[in-house]
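J.: fold the following, please.
(one chain, ligands or ions: 2)
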Amino acid sequence: MSKKYPLTMTVNDESVELSVTTHKTLLEVLREDMNLTGTKHGCELGECGVCTVLVNGKPVLSCLMLAPRAHNAEIKTIEGLAEGPILDQLQSAFCKYGAAQCGYCTPAMLLTAKALIERDTTPTVQHIQKELSGVLCRCTGYLSIINAVGSVCGLGDNCTDNLNA
Ligand code: FES
Ligand code: FES
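T.: Numbering: from 1, shown residues only. Ligands and ions are numbered 1, 2, ... in the order given. As a prediction, the model looks like this:
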C-alpha cells in the first residue's frame, strides 16, 4: 500500500488538510478527494489545458502538478470564482456572449482570463488571444470567448473584429 503524506492547502479561501499518496496529481486530489469536479479532466498530458486552476494566482495545469507540490499553496478552482450567488464579471460576460457551449473548457478559460485580468487590466485583444491559446475549445471557435473577456477589459462588444485588422 502506498504511503500517504499530509497535504495542507488553501482552496477557494478555505484551509484544507488532506492525506494523499505522493503519486497523486493536484487534478486527482481536487476531483477525487475534494469532489471539486469543476476542474476538468482531459488529456492528462499537458496539452489541452482544461485542467487549469490558479496556484498562488497563476494558471497551472493541475494534471502535471503532483499534489505534494501544492503544499501550503493557495488554490483557486472554478467553484471559488463567484462570490456566493454573485457571479464574477467574467462569468456574466460568458453568459452574455454565449461563450460556453458544452462548457468543458469553460472553467479553465475563466480562470486563465481571471489571472490575466488581475495582472493586466488593459490587455490587447492579441494578448487575450495568446493567453487563452493554451486551453483548447472544441466548440466555440474562440471568438465569443475572446469577445467576452475583451468586454470585461473595456475593449467593447466585438474586440475580435480587430484581430485581423
Ligand atoms: S488534462 Fe489536458 S492539460 Fe491537463
Ligand atoms: S465550450 Fe465545449 S470545449 Fe469549449
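J.: domain ranges for this structure, per the record?
T.: Taking automatic domain parsing as the criterion, the chain consists of the domains 4-80, 89-160.
J.: what's the span of the last one, first residue to last?
T.: Distance between the boundary residues of domain 89-160 (Cα to Cα, to the nearest Å) amounts to 19 Å.
J.: just the mean pLDDT for that domain, thanks.
T.: Mean pLDDT, computed over domain 89-160, is 96.
J.: and that domain, how far out from the chain middle?
T.: For domain 89-160, the separation from the chain centroid amounts to 11 Å (computed by Cα atoms, centre = their mean, to the nearest Å).
J.: does ligand 2 sit close to it?
T.: Yes - interface with ligand 2: domain 89-160 contributes 100-106, 137-140 (Cβ under 6 Å from any ligand atom). C-beta: built from backbone N, CA, C; applies to glycine.
J.: count of residues packed around P6?
T.: Counted with other Cβ atoms under 10 Å, the neighbours of P6 add up to 10.
J.: now it: closest residue in space that isn't a chain neighbour?
T.: Of all residues beyond its chain neighbours, the one nearest P6 is S19 (5.9 Å), with distances taken as Cβ to Cβ, 6 or more residues apart in numbering.
J.: test my guess that the one you found contacts Y5.
T.: Yes - counting by Cβ atoms under 8 Å, S19 does reach Y5; the two are 7.0 Å apart.
J.: if we can go back for a sec, any chance of the domains of the chain in JSON lines, plus distance to ligand 1?
T.: Below are those laid out as JSON lines (distance: least, Cβ to the nearest ligand atom, whole Å):
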{"stretch": "domain 4-80", "distance to ligand 1": "3"}
{"stretch": "domain 89-160", "distance to ligand 1": "8"}
